[in-house]
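Turn this into a structure:
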Amino acid sequence: MFRAIGIGYSRALPSAAALNWVLKDGLGRLSRCIYTATLASAFDTNLKRVRFSTSVLFSLSIGVELLTPVFPKYFLLLATIANIAKQISLACYLATGSAVHRSFAISDNIGEVSAKAQIQTVCFDNVGLLLAATLNILFRNNQRLLAALPFVVYPIFSAFDLYGIYQGLKHVHLQTLTKDRLESVINIWIHRQYIPSPAEVSTKEGINFMWSRGRELLPIRIGCLNPERKIPKLSLTTLRFLKDEDLYFICMESINNRSAIKDHGILLSLREGAATSDVIMGLLQACYIRKGLLRDINNQENYFEDCDSSNSVISEWLLLINESKRFAQADLDLLIDNMSGLGWACKNILLSTKEQARYSFVAD
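Coordinates of the predicted model:
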């Protein structure tokens, strides 16, 4: 370690050694700053996925640190990489810790829950130190085995640690509403006339890995129109019928410029000044629209192929817009009341940076 930072060489200056060490820690803190600034909204909207991903990153950083005795010449590089990963993991742990503890604070005793979480951490750290000291004493006469021991123990305990974190996050029942959680609640409401509890939605949500989620037909996106994608004629028709009192609009969007149903999605675009109730209302209407479009999948294939040339399809689309809005208006108050009764925080919807984009309306 000292050789890597410049100590021990006749021409090495103490200031150079100090600079190397500061550079290692400085890059870690800079990376932590950039990470938190870039993914600030993800700590709320994708808390479980971010928390578990950074836990994996932390475990990998420990593995990188174990490589430093094997490659002493690259100590500074390996230590810097490990420090960057640890700083990012620490940033996520601190940012998401309060939300995780709040989910377990049934009686609003978040201070007590946080204190007990710290006690658990300290206890397991001490157990780990005791185990490490015991193994060092047992194998002190076999230096070869002692050198290889960390590489044997590390993957086993890392797997146990990640499994424990995964199981723990499955029992974190967040009452805050994101776009995905609200959509899950609304889908169950539309099809079963039933509001799921935060625990039920949390079980369905899981860690929510993006690569493990199968893409559903007609996914709903909150945001603005993407000018780089082909804008369907139905969307242009919707824009022409916008009114000054509308606080959102719903239209179709093409995902990859093809005409099949799997290549389309539904866009909910919010206007500046839209309140939380407007977000719930818009997503509720969008789910009713998707239900209407998916009523007969075979017919809908032709629906999207002919939507740019058939006036009847445009008329059907406008009729579907009006019917879905009527259904959403009829359900809105009952939906919000039932959700609030089950503990859902309906006063605010946590949206990602892209979902927070708004449009402005200028009437002629």
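
element containing Ala115?
helix 110-138 (DSSP states H and E).

Show me the shaky parts of the stretch 251-364 of the chain.
Applying pLDDT under 70 to the stretch 251-364 of the chain picks out residues 257-261, 296-311, 361-364.

where along it do the strands fall?
Secondary structure of the stretch 251-364 of the chain by DSSP state E, counting those that start in this stretch: the strands cover 264-271, 345-350, 358-359.

Pull the distance from the first one to the chain's centre.
Distance, stretch centre to chain centre, for strand 264-271: 20 Å (Cα atoms, centre = their mean, to the nearest Å).

Show me what it is in contact with.
By Cβ atoms under 8 Å, 6 or more residues apart in numbering, the residues outside strand 264-271 that reach it are 218-225, 232, 235, 246-255, 278-279, 282-283, 286, 289-290, 304, 357-361. To be clear about C-beta, it is placed using only N, CA and C from the backbone, and glycine gets the same treatment.

Show the buried residues in those residues.
When the contacts of strand 264-271 are checked for burial by 16 or more other Cβ atoms under 10 Å, the buried set is 218, 220-223, 225, 232, 235, 247-255, 278-279, 282-283, 286, 289-290, 304, 359.

Just the ones in helices from those, please.
Using DSSP state H, the subset of the buried ones among the contacts of strand 264-271 located in helices is 235, 278-279, 282-283, 286, 289-290, 304.

now, which of those residues sits nearest Arg102?
Val279 (22.3 Å; Cβ to Cβ).

Would you mind measuring from the closest one to Leu76?
Separation of Val279 from Leu76 (Cβ to Cβ, to the nearest Å): 49 Å.

before we move on, back to that, dump the ones in helices among the buried ones among the contacts of strand 264-271 into CSV; add distance to Ser312 as well.
Output for those, formatted as CSV (distance: Cβ to Cβ, whole Å):
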residue, distance to Ser312
Ser235, 18
Asp278, 31
Val279, 32
Gly282, 26
Leu283, 28
Ala286, 23
Ile289, 18
Arg290, 21
Phe304, 14
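
Tell me the one of these nearest Lys179?
Nearest to Lys179, judged by Cβ to Cβ, of these is Leu283 at 7.2 Å.

Does the closest one touch Ser184 like I think?
No: assessed by Cβ atoms under 8 Å, Leu283 is found out of contact with Ser184, at 10.7 Å.

In terms of secondary structure, what does the helix holding Ala115 contact?
Counting by 3 or more Cβ pairs under 8 Å, 6 or more residues apart in numbering; DSSP states H and E, the packing neighbours recorded for helix 110-138 are helix 75-104, helix 143-170.

Can you tell me which of these is most buried?
Neighbour counts (mean count of other Cβ atoms under 10 Å) averaged over each of these peak at helix 75-104, with a mean of 19.

Let me know the average pLDDT across it.
The predicted model gives helix 75-104 an average pLDDT of 87.

okay, the angle between that helix and helix 143-170?
On the basis of axes from the mean of the first three to the mean of the last three Cα atoms, to 10 degrees, helix 75-104 is oriented at 30 degrees to helix 143-170.

ok, now how distant is Thr96 from Thr36?
11 Å.

brain fart, Ala147
Counting by Cβ to Cβ, the gap from Ala147 to Thr36 is 37 Å.

and if you look at Leu225?
30 Å.

Next one, pLDDT for the residue nearest the centre of the chain please.
Geometric centre of the chain, nearest residue: Asn46, 2.0 Å, by Cα atoms, centre = their mean. We have a pLDDT of 84 for Asn46.

cool, Asn136 as well?
What the model reports as pLDDT for Asn136 is 84.

Contact partners for it?
Taking Cβ under 8 Å, 6+ apart as the test, what Asn136 contacts is Leu146.

same thing with Asn256?
Asn256 touches Asp263, counting by Cβ under 8 Å, 6+ apart.

Count the residues that sit near the nearest residue in space to Asn187 that is not next to it in sequence.
Closest residue to Asn187 apart from its sequence neighbours, by Cβ to Cβ, 6 or more residues apart in numbering: Cys287 at 6.0 Å. With neighbours defined by other Cβ atoms under 10 Å, the count for Cys287 comes to 25.

His173 versus Cys287, what's the distance?
23 Å.

Equivalent analysis for Lys116, please.
Distance from Lys116 to His173, by Cβ to Cβ: 18 Å.

before we move on, what about Leu60?
29 Å.

burial measure for Leu350, as a count.
Neighbourhood size, Leu350 [other Cβ under 10 Å]: 20.

which residues does it contact?
Counting by Cβ under 8 Å, 6+ apart, Leu350 touches 41, 44-45, 176-178.

Which residue comes closest to it once chain neighbours are left out?
Asp44 (4.4 Å).

so that neighbour sits in a helix?
Yes: counting by DSSP: H, G, I helix; E, B strand; the rest coil, Asp44 is part of a helix.
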